[in-house]
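> sequence below, structure please.
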Amino acid sequence: MNYIFGPVPSRRLGRSLGIDPVPLKTCNWNCVYCQLGRTRPVVNLRKEYIAPDLILEQVARFLDEHDHCDIDWVTFVGSGEPLLNAGLGRMIREVKALSDIPVAVITNGTLLHMPDVRQELLAADAVLPSLDAGSAELYRKINRPHARIPFELHLQGLIDLGREYKGNLWPEVMLIHGVNDTEEALSDLAAAFQKIEPDCIHLNIPSRPPAEAWVQPADEAGVLRAMAILGDVARAVHPVEGKYERGSESNSLDAILAIVQRHPMREDEVKHTLSHWEGENALRTFDRIAASGRIRIVERNGVRFWCSAEAFFPANRNGKPDKRQ
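Okay, the predicted model is just below:
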């Protein structure tokens, strides 16, 4: 099993080498917009789901064999919630010791109410937590959290991190049309962010298949409204195009699976990536991966996305199940 993937093009971090410290959908949220499908079951147990030594060995080997100039950030970003891995603090410190590449952690932020977790994050160069709602009601509707993580606890953890952390604090808001892009919802968010005092707020919209088919991205008016209400500290983050790398996987099937398990790809992106990797054999490799039984095709708004076959997406708007290849 490969626990690193990419580098992949990231909306917020340029060329990002991803490190995934948890198994697929090991998460204490079940967000309606999650590009990896529903969380089944929602878990909130912190332990070493994957041994840090296994991950660190792979990272060290990759960095030893590849040009560091191709990597803008090394990013802990799970196919679930990375802070659930109890060895994350040690991994951050040891990865930073391997190179001068800055280290980021993308997290939902739910464990930040724990002082030891906040202490572990102090070594990171950037922390990118989520805050999609400024009220308990919307928090439950959007993030569908574990019962032991009420909104007040989540918000207080973010406030405490804002006071203690000296690196780049870049929280993200995933804007959903008609849900948290209204004036009332954004005003509540603005009040919450005033307490957190982030360096920058990243405004994002779902561009890959959401767990729930009813989720629609905020339109241009919603994004502009968010920027106006949240103030100068907020900026819109737009989808990016870029080159996907196979990482340390020599087999294209395994390399594609390593990416889509954490980062679903449009079908045209898969074809383009394979043409870059495989040349004349790209079409044959594409057909072989599609027939492997390890890919799920999820269609949203007429666009086909490749996801892990293990991901769970409910029926689409027409009541038809998405295809498993």
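> what segments of the stretch 51-200 of the chain are strands?
73-77, 103-106, 126-128, 168-169, 172-174 (DSSP state E, counting those that start in this stretch).
> of all these, which one comes closest to Glu269?
For Glu269, the closest of the strands of the stretch 51-200 of the chain is strand 73-77, at 18.0 Å, according to CB to CB. (C-beta placed from N, C-alpha, C; glycine too.)
> so what does the one helix or strand Met227 maps to touch, helix or strand wise?
Secondary structure from DSSP states H and E places Met227 in helix 220-230. For helix 220-230, the packing partners by 3 or more CB pairs under 8 Å, 6 or more residues apart in numbering; DSSP states H and E come out as helix 183-196, strand 201-204, strand 234-236.
> out of those, flag the one nearest Ala309.
Proximity to Ala309 (CB to CB) singles out strand 201-204 among the helices and strands packed on helix 220-230, at 26.1 Å.
> residues in contact with the closest one?
With CB atoms under 8 Å, 6 or more residues apart in numbering as the contact definition, strand 201-204 has outside contacts at 11-12, 128, 170-175, 193, 223, 226-227, 230, 233-237.
> for this structure, what helix or strand is lowest in average pLDDT?
Least confident helix or strand, the chain: strand 323-324 with a mean of 50, by mean pLDDT, DSSP states H and E.
> burial count for Arg61?
Using other CB atoms under 10 Å, Arg61 has 12 neighbouring residues.
> how about the helices in the stretch 151-300 of the chain?
Secondary structure of the stretch 151-300 of the chain by DSSP state H, counting those that start in this stretch: the helices cover 151-164, 183-196, 220-230, 252-260, 267-278, 282-290.
> need those in a markdown table with mean neighbour count, mean pLDDT and distance to Asn108, can you?
Conversion of these to a markdown table gives the following (neighbours: other CB atoms under 10 Å; pLDDT from 0 to 100; distance: least, CB to CB, whole Å):
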| stretch | mean neighbour count | mean pLDDT | distance to Asn108 |
| --- | --- | --- | --- |
| helix 151-164 | 18 | 98 | 8 |
| helix 183-196 | 17 | 98 | 14 |
| helix 220-230 | 17 | 97 | 19 |
| helix 252-260 | 22 | 86 | 21 |
| helix 267-278 | 17 | 89 | 25 |
| helix 282-290 | 15 | 89 | 30 |
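> switch these over to JSON lines; also include distance to Arg144.
Below are those laid out as JSON lines (distance: least, CB to CB, whole Å):
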{"stretch": "helix 151-164", "distance to Arg144": "12"}
{"stretch": "helix 183-196", "distance to Arg144": "17"}
{"stretch": "helix 220-230", "distance to Arg144": "21"}
{"stretch": "helix 252-260", "distance to Arg144": "23"}
{"stretch": "helix 267-278", "distance to Arg144": "29"}
{"stretch": "helix 282-290", "distance to Arg144": "32"}
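> so where's the stretch 1-150 of the chain uncertain?
1 (pLDDT under 70).
> name whatever forms a beta bridge with the residue nearest the centre of the chain.
What sits nearest the mean C-alpha location of the chain, by CA atoms, centre = their mean, is Val77, with 5.6 Å. With DSSP bridges as the criterion, Val77 is bridged to Ile106.
> isn't it up against Leu17?
No. Judged on CB atoms under 8 Å, Val77 makes no contact with Leu17 at a distance of 10.0 Å.
> so what's Trp306 up against?
Going by CB under 8 Å, 6+ apart, Trp306 touches 256, 260, 264-267, 270, 295-297.
> wait, Ala255 sits on Trp277?
Yes. Look at Ala255 against Trp277 with CB under 8 Å: they come within range, at 7.4 Å.
> how close does the residue in the chain sticking out farthest from the centre get to Ala255?
For the chain, the residue at maximal distance from the C-alpha centroid (CA atoms, centre = their mean) is Glu280, at 32.5 Å. Taking CB to CB, to the nearest Å as the measure, Glu280 and Ala255 are separated by 18 Å.
> ok so, going back, out of the helices of the stretch 151-300 of the chain, the one nearest Leu138 is which?
Nearest of those (CB to CB): helix 183-196, 6.0 Å.
> neighbouring contacts of that closest one?
Contact with helix 183-196 is made by 131, 133-135, 138, 155, 158-159, 161-162, 169, 171, 173, 179-180, 201, 225-226, 229-231, 233, as judged by CB under 8 Å, 6+ apart.
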